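Asker: Okay, here's the prediction I keep looking at, along with the sequence it came from:
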Amino acid sequence: MSADVQFVGGPEAAQDLRRWASELAPAVAKAGEGFAARVADQVRGRVPVLTGRLAGSVEIAPVEEDALGVQMGEGVPYAGWIEFGGSRGRPFIPEGRYLYPTALDNQDEFASMAADAASETVARFSWSMPPT
């Protein structure tokens, strides 16, 4: 006995996945605002403080329309040396001492937050029904 199997709704599913993906990045960025604020606070607490200028330069910054980042050093000429070193007895550390390591310490929280945002967008997404 032979049975034919027919895949129905492939083009609709592909279109839905593209539409859902376009909603996912902004949802993760929105959910990530609180996460980015916590990472920024942690970085502020970790950088060395003499005047407070470097810690004060740590801020949340949009890297794209639907993404967030944490940055530091705007208008602080010694920020790169503090973060990466490379002269005057301060060894060069290419990944940096504060921003990247702090983000890495929080990667599990980010993954959980992004997974929650993905689940929420899937649950409210208007999926197409395959043709019958």
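Answerer: Received it, and whenever you're ready, just let me know what you need.

Asker: My reading is that Val63 lies in a helix. Confirm?
Answerer: No - counting by DSSP: H, G, I helix; E, B strand; the rest coil, Val63 is not found in a helix; it is strand.

Asker: For it, give its distance to Ser87.
Answerer: According to C-beta to C-beta, to the nearest Å, Val63 stands 28 Å off from Ser87. For the C-beta atoms, the positions are set from N, CA and C on the backbone; glycine is no exception.

Asker: Doesn't Ala31 lie inside a strand?
Answerer: No - checked against three-state DSSP, Ala31 lies outside a strand; its state is helix.

Asker: what about Ala79, how many neighbours?
Answerer: Residues lying near Ala79 (other C-beta atoms under 10 Å) number 19.

Asker: Report pLDDT for it.
Answerer: With respect to pLDDT, Ala79 has a value of 95.

Asker: That one touches Val58, doesn't it?
Answerer: No - contact between Ala79 and Val58 fails when scored by C-beta atoms under 8 Å: they sit 9.7 Å apart.

Asker: got any residues that touch both of the two?
Answerer: Met72 (C-beta atoms under 8 Å, 6 or more residues apart in numbering).
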